[in-house]
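Visitor: Predicted model and sequence follow; I will ask about them next.
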Amino acid sequence: MPSRERRHCRGAALAAARQRAAEAAAAEGSSPSKLADLPLERLRHFAATQVDQILHNCGVDGSAGSTEDKVSFGGHLQIAMTLQQAGVRDGMTLSATVRQVPVGCSRRNAAFALVRADGTVVTWGDAQSGGDSSAVYQSLVKVHSVKATSRAFAALRNDGQVVTWGDHLRGGRGGPSSHLQDVKMIQATQSAFAALRRDGRVVTWGDTSAGADSNMVSQRLQDVASISSTAFALAAICRGGAVETWGDSRYGGDCSVVQSDLYDVRAVTGNDFAFAAIRGDGYVVCWGKEDSGGRPPAETQSELTEVVSVEGSSAAFAAIRKDGSVLAWGEKAFGGECIQVKEQLRNVQSITASRGAFAALKTDGTVVCWGNQSCGSHVEPYINQALTHVTLIKATEFAFAALRSDGRVVTWGNGVEGGDSSQLQEKLRDVQQLEASSGAFAAIRADGTVVTWGNSDKGAYIKQVERHLTDVHCLSGGYS
C-alpha cells in the first residue's frame, strides 16, 4: 500500500477507534456513564484492538508488534488514570497519534541511536559511549526502541530480544543475550539496565552499584507493570500498585521510610537523586536524597494532591496538578523553586527538564521557564516572542529546543550545548520530531532527513553517518 494511503488509513482507524472503544466498553458491561471511571490502560486496549482490525482491513502490515504498545497518551492523560481523574469532561475532543514505534530517550549519554523505518539502527557521537555500534550491527534488525545509560545502549527488537553495545561496565556487554528474551520494555540508570519481560519478571545487568544487582528484591519483582530510575537506583510498580526499589539507597534505592504510603501507585518519576510516586488518589509520595526532592517541604507536600504528572531535573521535581497549576520542590539551583513565575504557571500541559531548569508548555502553546540560568531558564525577549504554537520541548543538560506546529524550531540556553540554532534555521523546517543527547539536538524532518546541532563531541557531528540518515523512524538521544 502506498505510504499516503497508509497514513490516510491510519487516520481513519484512529478516528473510529475512540467511538469503538466506547462501544466495546459498553459491550463488556460498562455503560457510557461509567467510561470516565475506566483506567486509560483499559481504554487503550479497546482502542488498539479496533485500530489493529481496521489496519488489517486496509492491508497494513502489523508485524511490527501489537498496536497496544504504540497507543499512548500525552499532556494530562497519564496511562494509569481514569478519564475522570484526568479531568476529561463530556463534549471534549481527544486526539491521539498512532506511531509506528515508541521513541525511547535518555539524558545521560553523549551519543545518538537512530532507528530507521526498516528497523535497522544508525549510531553516532562519542564512540566510547555507544556512538559506534559496528560490533553488533548485524544483530540490530527489526528494532523498535532504544534506551541508554551514560556510556551504553540497549535496543529492543520486535521479537522481544535485546541487543546491547558500548561500555560493558555500564551495560553494553555486547550483542544479544539468552537471558533477555520476551522483553517488552527497558529502563536505564547511569550505568545499569533493567528489562521488563512480558511475564512480569525483571532482568538487570551493568554496574551492580547502580541497580544491576536486584537479588535482594528478585522474589518480590513479580507482576511488574513498569520501571523507573534515578542515576543509581530503580523502582518498579508491581501488582496492586505496590513499589519495590533497589540500587544505591542514597539515590532512592531504599523506600522503606515511606513504604506504608506506597499503595495504589500509578506512576513513578526519578530525578538523579530521588523518586516521586503518584498514587491513584493524586497524592505524591517522595523518597531518596531529601534536599534533592526526596522530602518536599511540609507546605509543598500538603499541596501535592490531584497531581497528574511529575518531571525531574537533576536535583528537583515539578508537578502538574489537575487544574494545570505547578508545584516545584528540591534544590533551588536545579529548579526546585518556581515562586517568581508561579502566576504564569496556569493551564500547563507538560514540563521538560534540563539539568537544572524546567520549561513548562501551556495549553495555549506558550512556554514558561524557571531554574538555573546556566541550564536554560533565561529566555531572551526576542526568543520568547517566537515561543508560540509550541507542541514539543526537548532538553540537553544546558539548553532547550521547542518544536512549533508550523515545523519550525526555537532554541535557547547554552549555545555550545544546543541553545544556538541560528545558523540552521533554513534547514530546520518541516520538523516532525526532536531528540537530545547530553549536549546536542537532532531534528527529524518530514522527508526523513536529520539535522543536528550543539556540541560536536556529544552527537552534533554526523558527517560519518550522514548518508545513512534517511527514512528515519525513531531516534534515541542522550540526557533522560
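Guide: Alright, I've got the coordinates.
Visitor: use CA for all of it now, contacts and neighbours both
Guide: OK.
Visitor: which ones are touching the closest residue to Val451 other than its chain neighbours?
Guide: In space, and not counting its chain neighbours, Val451 is closest to Ala443: 5.1 Å by Cα to Cα, 6 or more residues apart in numbering. Residues counted as contacts of Ala443 (Cα atoms under 8 Å, 6 or more residues apart in numbering) are Leu428, Val431, Gln432, Gln433, Leu434, Glu435, Val450, Val451, Thr452.
Visitor: which residues of the stretch 251-400 of the chain fall in strands?
Guide: Per DSSP state E, counting those that start in this stretch, the stretch 251-400 of the chain has strands spanning 265-270, 274-279, 284-288, 307-312, 316-321, 326-330, 348-353, 357-362, 367-371, 390-395, 399-404. These are given in chain order.
Visitor: coming back round to it: quick check: bridge partners of the residue nearest to Val451?
Guide: Leu434, Val451 (DSSP bridges).
Visitor: Gly131 should be in a strand, yeah?
Guide: No - Gly131 is assigned coil when assessed by DSSP: H, G, I helix; E, B strand; the rest coil, not a strand.
Visitor: what about it, neighbour count?
Guide: Using other Cα atoms under 10 Å, Gly131 has 24 other residues around it.
Visitor: host element of the residue nearest to it when sequence neighbours are not counted?
Guide: Leaving aside its sequence neighbours, Gly131 sits nearest to Trp124 (Cα to Cα, 6+ apart; 4.2 Å). Using DSSP states H and E, Trp124 sits within strand 121-125.
Visitor: Thr204 now?
Guide: In this assignment (DSSP H and E), Thr204 forms part of strand 202-206.
Visitor: Determine the set of other helices and strands touching that strand.
Guide: strand 192-197 (3 or more Cα pairs under 8 Å, 6 or more residues apart in numbering; DSSP states H and E).
Visitor: Quick check: neighbours of the strand it packs on in the sheet, parallel or antiparallel?
Guide: Using DSSP bridges, the strands paired with strand 192-197 are strand 183-188 (antiparallel), strand 202-206 (antiparallel).
Visitor: can I get those strands in TSV with distance to Ser302, mean neighbour count and mean pLDDT?
Guide: Output for these, formatted as TSV (distance: least, Cα to Cα, whole Å; neighbours: other Cα atoms under 10 Å; pLDDT from 0 to 100):
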stretch	distance to Ser302	mean neighbour count	mean pLDDT
strand 183-188	31	25	94
strand 202-206	34	22	94
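Visitor: which one of those lies closest to Ser214?
Guide: strand 202-206 (6.8 Å; Cα to Cα).
Visitor: Between strand 399-404 and the strand or helix carrying Gln432, find me the angle.
Guide: Here Gln432 is covered by strand 431-436, with elements defined by DSSP H and E. Strand 431-436 runs at 160 degrees relative to strand 399-404, counting by axes from the mean of the first three to the mean of the last three Cα atoms, to 10 degrees.
Visitor: quick one: buried residues of strand 431-436?
Guide: Burial within strand 431-436, assessed by neighbour count using 16 or more other Cα atoms under 10 Å, is assigned to Val431, Gln432, Gln433, Leu434, Glu435, Ala436.
Visitor: The last one contacts Ala395, doesn't it?
Guide: So that's Ala436. Yes - Ala436 is within contact range of Ala395, at 6.1 Å (criterion: Cα atoms under 8 Å).
Visitor: circling back to that earlier point, now the buried residues of strand 431-436 in CSV, please, with extra columns for pLDDT and distance to His378.
Guide: Shown next, in CSV, are the buried residues of strand 431-436 (pLDDT from 0 to 100; distance: Cα to Cα, whole Å):
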residue, pLDDT, distance to His378
Val431, 92, 24
Gln432, 90, 26
Gln433, 88, 24
Leu434, 91, 21
Glu435, 88, 21
Ala436, 89, 19
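Visitor: Tell me if I'm right that Asp248 and Ala210 touch.
Guide: Yes - using Cα under 8 Å, Asp248 is in contact with Ala210, at 6.2 Å.
Visitor: Neighbour count for the two, which is higher?
Guide: Neighbours were counted for Asp248 and for Ala210 using other Cα under 10 Å; Ala210 has more, 27 against 20.
Visitor: how much space between that one and Val451?
Guide: Applying Cα to Cα, to the nearest Å, the value for Ala210 to Val451 is 34 Å.
Visitor: One more: Asp430?
Guide: Counting by Cα to Cα, the separation of Asp430 from Val451 is 11 Å.
Visitor: shared neighbours, those two?
Guide: The contact sets of Asp430 and Val451 overlap at Arg445 (Cα under 8 Å, 6+ apart).
Visitor: one step back: in TSV: the buried residues of strand 431-436, plus distance to Arg321.
Guide: Formatted as TSV, those follow (distance: Cα to Cα, whole Å):
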residue	distance to Arg321
Val431	30
Gln432	28
Gln433	27
Leu434	26
Glu435	26
Ala436	27
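Visitor: Out of those residues, which is nearest to Ser129?
Guide: For the buried residues of strand 431-436, the nearest to Ser129 is Ala436 (14.6 Å; Cα to Cα).
Visitor: Okay, buried residues for stretch 420-440 please.
Guide: For stretch 420-440, by 16+ other Cα under 10 Å, it's 420-421, 427-440.
Visitor: just to revisit the earlier point, please identify which of the buried residues of strand 431-436 is nearest to Val409.
Guide: Using Cα to Cα, Val431 comes nearest to Val409 of these, at 7.5 Å.
Visitor: any idea what sits nearest the closest one, other than its immediate chain neighbours?
Guide: Nearest to Val431 is Arg445, by Cα to Cα, 6+ apart, at 4.1 Å.
Visitor: For the one you found, report the pLDDT, please.
Guide: If you check Arg445, the pLDDT there is 86.
Visitor: what about it, distance to Leu403?
Guide: For Arg445, the distance to Leu403 equals 11 Å [Cα to Cα].
Visitor: neighbour-wise, which of these two wins?
Guide: For Arg445 versus Leu403, the count of surrounding residues by other Cα under 10 Å is larger for Leu403: 25 against 21.
Visitor: so the more buried one touches Thr391, yeah?
Guide: Yes - counting by Cα under 8 Å, Leu403 touches Thr391, with 5.8 Å between them.
Visitor: ok, Gly131 touching Tyr137?
Guide: No - using Cα under 8 Å, Gly131 is not in contact with Tyr137, being 11.9 Å away.
Visitor: Show me the shaky parts of the stretch 51-200 of the chain.
Guide: By pLDDT under 70, the low-scoring segments of the stretch 51-200 of the chain are 51-109, 174-178.
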